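Novice: give me a 3D structure for the following:
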Amino acid sequence: MDKKVGKKEILLLLIIFAAAVIGYFVFQKLQSTPGAQGKETVDGTVYGTYELRQGRKQRRFKLKMRKVL
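Specialist: Numbering: from 1, shown residues only. Reported below is the predicted structural model:
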């Protein structure tokens, strides 16, 4: 029996490969998302981004407010 690989089989393999590559990159992106963060903003401008929890040690920070005319 001579079996030839047809166009449909090649197309199916390419679709499966493309889905695997896309799935890999989506999985990597989801794994790299940061945890809980607090952003310090004033009038929409970000002045700092802080991790709210690092391991088991909690981090505290003070914000100093000043009057702007």
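
Novice: please make it C-alpha for all contacts and neighbour counts, starting now.
Specialist: Noted.

Novice: so for the helix or strand containing E9, what's the average pLDDT?
Specialist: Using DSSP states H and E, E9 maps to helix 7-31. Mean pLDDT, computed over helix 7-31, is 91.

Novice: make residue 1 into 52 and carry on from there
Specialist: Sounds good: first residue 52 from here, last item helix 58-82.

Novice: from K113, how far off is E91?
Specialist: Separation of E91 from K113 (C-alpha to C-alpha, to the nearest Å): 11 Å.

Novice: look at the two and report which has more neighbours.
Specialist: Between E91 and K113, counted using other C-alpha atoms under 10 Å, E91 has the larger neighbour count: 13 against 5.

Novice: which ones are touching that one?
Specialist: Residues counted as contacts of E91 (C-alpha atoms under 8 Å, 6 or more residues apart in numbering) are 97-100.

Novice: please check these and keep the buried ones.
Specialist: With neighbours counted using 16 or more other C-alpha atoms under 10 Å, the contacts of E91 contain no buried positions.

Novice: just the closest of these to L64, please.
Specialist: Nearest to L64 among those, counting by C-alpha to C-alpha, is T100 at 44.4 Å.

Novice: parallel or antiparallel, which strands does the helix or strand where that closest one lies pair with?
Specialist: For T100, the host element (DSSP H and E) is strand 96-102. Using DSSP bridges, strand 96-102 pairs in its sheet with strand 88-93 (antiparallel).

Novice: CA atoms only for the partner strand, dumped as CSV, please.
Specialist: Provided in CSV are the C-alpha atoms of strand 88-93 (Å, rounded to 0.1, in the frame of the first residue of the first chain):
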residue,chain,number,x,y,z
GLN,A,88,-0.3,45.7,43.4
GLY,A,89,-1.1,49.1,44.7
LYS,A,90,-0.7,52.1,42.4
GLU,A,91,-0.1,55.6,43.8
THR,A,92,-1.7,58.1,41.5
VAL,A,93,-2.5,61.8,41.6
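
Novice: thanks again, I'm all set now.
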